[in-house]
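1. Structure, please.
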Amino acid sequence: MDNDAQDPGRRKLLQGAAAFAAVPLLGGGLAGVAPTANAMPSSSREAERATTHVTGRRRLGSLEVSSVGLGVQNMSRTYQTTLPSRPEMIKIIRAAFEHGVTFFDAAEAYGPHEVERILGEGIAPIRNHVVITSKFGWDIDLETGERHPGLNSRPEHIKLAVEGMLRRLNTDRIDLLYQHRVDPQVPIEDVAGAVKDLMAQGKVLHWGLSEMGPKTLRRAHAALPVTAVQNEFSMLWRGPQQEVLPLCEELGIGFVPWSPLGVGFLTGSIDARTRYADGDIRKIESRFAPDNVPHNLALVGLLNQWSARKQATPAQIALAWLLAQKPWIVPIPGTTQMPHMLENIGAAGIRFSAAEVAELDSAVAAIAVHGERLPAAVLAFSGVEAPMPK
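-> Predicted structure coming up:
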C-alpha cells in the first residue's frame with residue numbers, strides 16, 4: 001500500500017475534491033455525498049473528478065471486488081511518521097465506498113492492531129456491502145499488540161489471531177485472510193489446515209498468501225484453493241512479472257499489488273532533493289538513496305509524458321498500467337488524504353489500446369531501477385519457501 005508524500009503541490013487537479021470529505025449517515029446507511037454550493041469545484045473538470053466513481057468489477061479467484069481497492073495501512077501512522085486524524089480516516093473509508101470501492105485491505109501488523117480497529121469502525125454501517133481483508137503471520141502479542149521478532153504461523157496461533165481480528169474489525173467473518181509472510185518453521189499444509197478449520201466455522205471466507213516462494217504457493221493452492229496473492233508490484237518493482245504472475249495465471253489466482261504507487265514515488269511527489277524522517281522506511285530503502293533517485297526519476301518522466309497524453313495524473317497512469325497488465329489484478333493504493341483517494345480510484349476509468357499497452361510496457365521495461373526495494377532485513381522475509389510436512 002502507499003501513503004502519499006505530504007507535498008502541497010501534488011495532484012493540484014484534485015484540490016477541490018476535498019470538499020467531499022463529509023459523508024453523513026442517514027437511516028442506517030450511507031447517504032450520497034452532497035456538498036454545499038460553496039464547496040463545489042470551480043471547473044467542470046474538477047467537478048467530474050470530484051464525483052469520480054470506480055468503474056468495473058474484477059474477480060480474485062471466485063471473489064468479486066471493485067477494480068481498485070483501498071489500503072488502510074497508514075491510517076494509524078503515515079510513512080512520514082505523522083498520526084492522521086481518526087475521524088478523517090473514517091470519512092475517507094466511507095467516502096471510498098460511496099465512490100464505488102468495495103475492497104479494503106488491513107492486517108494485524110498495521111498499528112499493530114489499530115488499523116483493524118479504524119477499518120472496523122469505518123465499515124460498520126456498510127459491512128455487508130464490502131470485502132475486507134486482514135493478515136496474520138508476524139509474531140504479535142495477541143492482547144497487547146506488541147511486536148516480537150520473527151514470524152508465527154503455528155495453527156493454534158492463527159486461530160487465536162483471527163479471533164482478535166474479528167473483535168477489532170467488529171465483524172463475524174474475514175472475507176479474505178492472508179498469510180502475511182511464510183513462516184519457515186511451519187509447513188504451508190498446516191497453515192492451510194488451520195484456515196480450512198476457520199472456513200468451516202464461517203470465520204474466514206477466502207485465503208491468500210503474501211510475498212511467498214512460488215513452490216509454497218503451488219503447495220498452498222493444492223492444499224486449499226488460494227484466492228489471491230498480495231505482493232509488491234508497480235512500475236518501480238516489477239519482480240512478479242518473472243514468476244509469480246505466470247503462476248497465478250496458471251492456477252487461476254488473483255493478484256493484489258501492494259505499494260502500487262512505489263511508496264509515493266510514482267506520484268511525482270519525490271525528487272532528488274527529498275529526504276526522509278527517521279522511522280520512514282524509505283530512508284533505509286536504497287532505491288530512494290540520493291545516488292539512485294536521479295536514475296529512477298526516469299519513470300516519473302515517462303509517467304508525466306503519458307499523463308499529458310491521457311489527460312490524467314502520474315498516479316492514475318501508474319495504476320492504470322497495473323490494471324492493463326491482467327484482468328485479475330486489483331491494486332490497493334493507500335492514502336490518508338481525501339483528494340488522493342478520489343484521484344486513485346479515477347485510474348479505473350483510463351483506457352489503453354493494445355498498441356498503447358505494448359508501447360508503455362516497452363518504455364517501462366527499458367528503465368532499470370537502481371537500488372533494492374526493501375532493506376535487506378525485511379527483504380529476507382520475501383520469497384521464503386515453507387518446510388515440507390514431516
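2. residues touching the closest residue to residue 276 other than its chain neighbours, list them.
-> Excluding its sequence neighbours, the residue lying closest to residue 276 (CB to CB, 6 or more residues apart in numbering) is residue 283, at 3.8 Å. To be clear about C-beta, it is placed using only N, CA and C from the backbone, and glycine gets the same treatment. By CB atoms under 8 Å, 6 or more residues apart in numbering, the residues touching residue 283 are 275-277.
3. Residue 146: which of those residues is nearest?
-> Residue 146 lies nearest to residue 277 out of the contacts of residue 283, by CB to CB, at 23.2 Å.
4. The closest one reaches residue 77, doesn't it?
-> No: if you go by CB atoms under 8 Å, residue 277 and residue 77 don't touch, sitting 11.5 Å apart.
5. For the closest residue to residue 367 other than its chain neighbours, I want the exact helix or strand it lies within.
-> Using CB to CB, 6+ apart and skipping residues adjacent in sequence, the residue nearest residue 367 is residue 298, 4.8 Å away. Using DSSP states H and E, residue 298 maps to helix 293-310.
6. on contacts alone, who are the packing partners of that helix?
-> Under the contact criterion of 3 or more CB pairs under 8 Å, 6 or more residues apart in numbering; DSSP states H and E, helix 293-310 touches helix 314-325, helix 354-365.
7. Now do the residue nearest to residue 367 against residue 292, distance only.
-> To residue 292, residue 298 is 11 Å away according to CB to CB, to the nearest Å.
8. Retrieve the pLDDT associated with the residue nearest to residue 276.
-> Note on residue 283: pLDDT of 95.
9. sec struct for it, please.
-> helix (DSSP: H, G, I helix; E, B strand; the rest coil).
10. how close does it sit to residue 81?
-> Distance from residue 283 to residue 81, by CB to CB: 10 Å.
11. Against which helices or strands is the host helix or strand of residue 139 packed?
-> Assigned by DSSP H and E, residue 139 belongs to strand 138-140. Other helices and strands packing on strand 138-140, by 3+ CB pairs under 8 Å, 6+ apart, are strand 147-151.
12. So which bits of the helix or strand that the strand it packs on is followed by are buried?
-> Downstream of strand 147-151, the first helix or strand assigned by DSSP H and E is helix 155-169. Neighbour counts over helix 155-169 (16 or more other CB atoms under 10 Å) mark 155, 157-159, 161-162, 164-166, 168-169 as buried.
13. Residues in contact with helix 155-169: which ones?
-> By CB under 8 Å, 6+ apart, helix 155-169 touches 106, 108, 113, 116-117, 119-120, 123, 132, 134, 136, 140, 142-143, 172-174, 177, 186, 190-191, 193-195, 197-198, 203-204.
14. Give me the mean pLDDT for it.
-> 98.
15. Output that helix in CSV, but only the C-alpha positions, please.
-> The C-alpha coordinates for helix 155-169 follow below in CSV (Å, rounded to 0.1, in the frame of the first residue of the first chain):
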residue,chain,number,x,y,z
PRO,A,155,-2.0,-23.3,13.6
GLU,A,156,-3.2,-22.6,17.2
HIS,A,157,-1.8,-19.1,17.0
ILE,A,158,-3.5,-18.4,13.6
LYS,A,159,-6.9,-19.3,15.1
LEU,A,160,-6.4,-17.0,18.1
ALA,A,161,-5.1,-14.2,15.9
VAL,A,162,-8.2,-14.4,13.8
GLU,A,163,-10.4,-14.1,16.9
GLY,A,164,-8.7,-10.9,17.7
MET,A,165,-9.1,-9.6,14.2
LEU,A,166,-12.8,-10.3,14.3
ARG,A,167,-13.2,-8.3,17.5
ARG,A,168,-11.2,-5.4,16.2
LEU,A,169,-12.9,-5.4,12.8
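16. Distance from the chain centre to that helix, please.
-> 21 Å (CA atoms, centre = their mean, to the nearest Å).
17. so that helix versus strand 147-151, what angle?
-> 130 degrees (axes from the mean of the first three to the mean of the last three CA atoms, to 10 degrees).
18. List the contacts of the helix or strand following helix 155-169.
-> Using DSSP H and E, the next helix or strand after helix 155-169 towards the C-terminus is strand 174-179. Strand 174-179 has contacts (CB under 8 Å, 6+ apart) with 60, 63, 107, 131-137, 153, 162, 165-166, 188, 191, 195, 198, 203-210, 212, 227-228, 230.
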